[in-house]
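Visitor: I would like the atomic coordinates for the input below:
(chains A and B)
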Amino acid sequence: MNRVVVTGLGPVSSIGIGVSAFTDGLREGRSGISPISSFDASGFPRRNAGEVPGFRPGTLLRRIEAARWGRSGQFAAAAARLALADSGLDPATVAADRAGVVVGTTSGESVVVEAVTAQQVEAGFGAMDPELLGQVPAGRLAHAVSTELELAGESLTLATACSASNYAIGYAYDTLVTGEADVMFAGGADSVCRWAHAGFYRLGALTADACSPFDRDRSGILTGEGGAILMLETLDHARARGARIYAEVLGYGLNCDANHPVAPDRASIAACMRAAHRNASIKPEDVDYVCAHGTGTPANDSVEAQAIFDVFGDRVPPVSSIKSMIGHTMGAASGFGAIAGTLAIAHGFLPPTINWANPDPALAGLDPVPNTAREANVRVVQNNGFAFGGNNAIVLIGAVE
Amino acid sequence: MSGVVITGWSTTSPAGVGRAALADRLATAATGDAPPVGATATVPAGSAWPVEPPPAAPVDVTELSDEPLPTPTGHALVDFDVRAHLGRKGTSFYDRATALAVVTCGDALRDAAVEVDDTNRSRLGVVLGTSLGSFRSTSDYTRETLVQDKPYLVNPVLFPNTVMNCAAGQAAIRYGLRGINATVATGPLAFLDALRYGTNAISRGYVDAMLVGAVEEFSPHRAWTTWLTGRPGRATPTGEAAAVFLLTRADQPGWAGPRREAEVLALATGYGPGGGAAADQALAGCVTRAVRRAGVDPAEVTCVLTGETDPDDTDEFGPACAALGHVPARMRVSRLFGRCDAAAGGLALATFLASEPPEPAPKLALLTGRSPDGGTAAAIVRGWPGAGASDR
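Guide: Down below sits the predicted model:
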């Protein structure tokens, strides 16, 4: 069984593109929220989101032609390209079929689906553009990465909604542990779109201007987008090439609420945390920081915090939500969480929960790392991801011992 | 060898719900009026098994759509009614893909004789393959944002249907399955990818058993996609199906099904960037790796089940034969069931398991899949005799 380490980070986010800008964004507690520009939001009561207006795929992508791929695939490929560059790996030194990719997503090529739907509305189903229909399949998120980096190994898209990046990291970890691959790119991607904006609004889950997780007066999410890819490799492979090693993937846990399509379940989430700890061979007291799912809805944050109290008892580590900064990036969310957690270990700081003003009496004892990043010695990070369908996924990342 | 076995399964297809319905359809197809044709022609008469049936005629599907369809026929289970199987409670907001999947998961549990209870539900999971969930649910939802007086006047209850994990999540809710719940979205590769995902989850000890399957629904959205992206004027008819298998460890706990019907010997996946020759090579590499991991002699592989859809398509069979070093019998389930995208591989495995060879003996199959961009997958499955056309 191989140990698995993180050696490259590729964030394409609203608070920074590339690991250096993203790290600065986390440290400064930057907000990536802006007025929606990717679609006409004028008819919506809520008009802000965590878009990545600075995303210029042509400047990041070397091999794939952006026009032939949807926006989410472009995010994934650009993020993977950044992760590869950050890792310092010379791809020519890895057998192509020993390197693969796993991308998680909620809505796949949502912008493409919206474009062909607009064509339907305009002129009927027969007017849908065949070229765009060819871009619709969600499997193209992983395929975009494989094509961009010329990888001949596994090319898998996992569609487990808002915890999908943790699923992807977990599955990639398994392929490395078992020796089926030497290098894997894993994370997630999603794009801001009208239908998700409308759906979350109608669920009463969308806030107006600022997402404030764990605050007494929190009132919902802001939709976000981006690509978050980590380059993982076996510890042996990383050491043999003299790589800079950020952190180690210790293990992960998955389970399912099997209860309600959208409402989170405290006991089930606690069970997922315990499974993740068991699989990673750690105890709750080993965890120095929880990178929370922390969507900013009253229900999620309350249930997540209660589950944390259940598992951690009277030793609750700091718990912050980077969704306060970048919004809810859906299938990319736990990928950004994993990158933030990795940086917390590598650089010794806790990313803050911004927009935080008032403690929630119901969450007494929770330290959300309010508003300002904090220096800290971080050895083990628990990265939470929960989703519609009760798809819970938690990844444990640790300093390399 | 993976050490993972199949203890039961079900399909929902134009043949109906359940393995007996599929076996009947296969028997009818094999003895139909038209003579068997296809790749079996390259194999000496009498030695080929299974015999690839002639293409089946699609049926009238116009009642499945309020929108004009590109062609009035397709391979759909037109009279499928989820309430007839599961009742009204909890099913009223299912979309068609979810309904097909949940019904088929339930029938697979029944076929494997698995009783889900508090002692095993956290050790039993689900993984389903798809192309993009329900294209219809998603597209209709975004359509509402365009045609309503206000763009936010969408139905919140239907929002989860736009998310690709809807079917797997609803299957878990319906049957109380708290183990790993996953959705793989790789289109024509999705069933084989789900098989690999499920096998890994069991082998790594995260669960004891998994329902592994794939689903595609018939909808005007898929029918038009098939029509507009297929060969002009002669696109393979659009199909729909769900296929679900109960997988567990070879040293299975008793609750995961008393029978062993087949063993998933090996799986391999790859990618040929850009498709074309690179993907030919990637698929041949997958077949070679799968055969090696399975520990079988390539000459023993007498049957290749491919996801090919066009009559003259050898994109999978060609590389498979090259890797095997001989030309086995080929079976294309698209001839019976149309273009089923993610569900094609599941129908292929079910077809293999439901077909009885002339002589009762273990049978060995290679299953292949390939996506337009260059994704490839191969699986080696061994079936044991006597389990095929059972009506349990």
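Visitor: OK, contacts around the closest residue to A:D286 other than its chain neighbours?
Guide: Computed as C-beta to C-beta, 6 or more residues apart in numbering or on different chains, the closest residue to A:D286 that is not its neighbour in sequence is A:V380, at 4.9 Å. (Each C-beta comes from the backbone N, C-alpha and C, glycine too.) Residues near A:V380 by C-beta atoms under 8 Å, 6 or more residues apart in numbering or on different chains: A:250, A:282, A:286-289, A:396-399.
Visitor: what's the domain layout of the chain?
Guide: No chain specified, so I'll use chain A. Listed domain ranges for chain A are A:4-240, A:251-398 (source: automatic domain parsing).
Visitor: My question was about chain B, not that one.
Guide: Listed by automatic domain parsing, the domain ranges of chain B are B:4-256, B:262-383.
Visitor: residue furthest from the geometric center of chain A?
Guide: Distance to the chain centre peaks in chain A at A:A123, reaching 36.9 Å (criterion: C-alpha atoms, centre = their mean).
Visitor: so how far is B:A250 from that residue?
Guide: Going from A:A123 to B:A250 by C-beta to C-beta, to the nearest Å gives 56 Å.
Visitor: Same check on A:K323?
Guide: Counting by C-beta to C-beta, the separation of A:K323 from B:A250 is 43 Å.
Visitor: can you check B:D66 too?
Guide: Distance of B:D66 to B:A250, computed by C-beta to C-beta: 49 Å.
Visitor: So between these two, which is more surrounded?
Guide: Between B:D66 and B:A250, counted using other C-beta atoms under 10 Å in any protein chain shown, B:A250 has the larger neighbour count: 12 against 7.
Visitor: low-confidence ranges in the chain?
Guide: Picking chain A for this. Filtered on pLDDT under 70, chain A yields no residues whatsoever.
Visitor: Actually, chain B is the one I wanted.
Guide: Residues of chain B meeting the criterion pLDDT under 70: B:1, B:31-49, B:386-392.
Visitor: A:Q119 and A:G126 touch, don't they?
Guide: No: A:Q119 lies out of contact with A:G126 (C-beta atoms under 8 Å); the separation is 9.5 Å.
Visitor: These two: which has the busier surroundings?
Guide: Neighbour comparison, A:Q119 and A:G126: the larger count goes to A:Q119, with 17 against 13 (by other C-beta under 10 Å).
Visitor: For chain B, give me its nearest residue in chain A.
Guide: Of all residues in chain A, A:G389 sits closest to chain B, at 2.5 Å by C-beta to the nearest C-beta.
Visitor: which one is that residue nearest to, not counting chain neighbours?
Guide: B:G169 (2.5 Å).
Visitor: That neighbour belongs to a helix?
Guide: Yes: with DSSP: H, G, I helix; E, B strand; the rest coil as the criterion, B:G169 is located in a helix.
Visitor: What is the helix or strand encompassing A:D236 packed up against?
Guide: For A:D236, the element it lies in under DSSP states H and E is helix A:235-240. Secondary structure elements in contact with helix A:235-240, counted by 3 or more C-beta pairs under 8 Å, 6 or more residues apart in numbering or on different chains; DSSP states H and E, are strand A:4-13.
Visitor: okay, now the residue of chain A closest to chain B: neighbour count?
Guide: Number of residues near A:G389 (other C-beta under 10 Å) recorded here: 33.
Visitor: quick one: it from B:T183, how far?
Guide: In terms of C-beta to C-beta, A:G389 sits 8 Å off from B:T183.
Visitor: repeat for A:L363
Guide: Taking C-beta to C-beta, one finds A:L363 at 32 Å from B:T183.
Visitor: Looking at those two, which is more packed in?
Guide: B:T183 (32 against 20).
Visitor: tell me the contacts of the more buried one?
Guide: Residues near B:T183 by C-beta under 8 Å, 6+ apart: A:158-160, A:389, B:127-130, B:133, B:164-165, B:167-168.
Visitor: That one pairs with what?
Guide: Per DSSP bridges, residues listed as beta-bridge partners of B:T183: B:L128.
Visitor: Can you tell me how far it is from B:A201?
Guide: Here the criterion is C-beta to C-beta. By it, B:T183 lies 13 Å from B:A201.
Visitor: between the two, what contacts are shared?
Guide: Contact with both B:T183 and B:A201 is made by residues B:V127, according to C-beta under 8 Å, 6+ apart.
Visitor: one step back: give the intersection of the neighbour lists for A:G389 and B:T183.
Guide: A:160, B:165, B:168.
Visitor: quick one: which of those is nearest B:R339?
Guide: Distance to B:R339 across the shared contacts of A:G389 and B:T183 (C-beta to C-beta) is lowest for B:A168, with 22.4 Å.
Visitor: The closest one contacts B:G133, correct?
Guide: No: counting by C-beta under 8 Å, B:G133 is not a contact partner of B:A168; they are 9.9 Å apart.
Visitor: Could you check which of the two is surrounded by more residues?
Guide: Neighbours per residue, other C-beta under 10 Å: of B:A168 and B:G133, the larger number sits with B:A168, 36 against 30.
Visitor: list the contacts for the residue nearest the centre of chain B?
Guide: Using C-alpha atoms, centre = their mean, the residue of chain B that lies closest to the mean C-alpha position is B:G346, 2.1 Å off. With contact taken as C-beta under 8 Å, 6+ apart, B:G346 is in contact with B:11, B:129, B:191, B:213-214, B:241-245.
Visitor: Take those residues and keep only those in strands.
Guide: B:11, B:129, B:213-214, B:241-245 (DSSP state E).
Visitor: tell me which residues of stretch A:353-371 are tucked away?
Guide: Of all the residues in stretch A:353-371, those buried under the rule 16 or more other C-beta atoms under 10 Å in any protein chain shown are A:353-356, A:359-360, A:363, A:366-370.
Visitor: Show the residue spans covered by the strands in the stretch 251-400 of chain A.
Guide: With DSSP state E, counting those that start in this stretch as the criterion, the stretch 251-400 of chain A has strands at A:289-291, A:319-320, A:349-350, A:374-375, A:380-385, A:391-398.
Visitor: okay, those strands in JSON lines with distance to A:I221 next?
Guide: Formatted as JSON lines, the strands of the stretch 251-400 of chain A follow (distance: least, C-beta to C-beta, whole Å):
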{"stretch": "strand A:289-291", "distance to A:I221": "16"}
{"stretch": "strand A:319-320", "distance to A:I221": "16"}
{"stretch": "strand A:349-350", "distance to A:I221": "22"}
{"stretch": "strand A:374-375", "distance to A:I221": "24"}
{"stretch": "strand A:380-385", "distance to A:I221": "14"}
{"stretch": "strand A:391-398", "distance to A:I221": "17"}
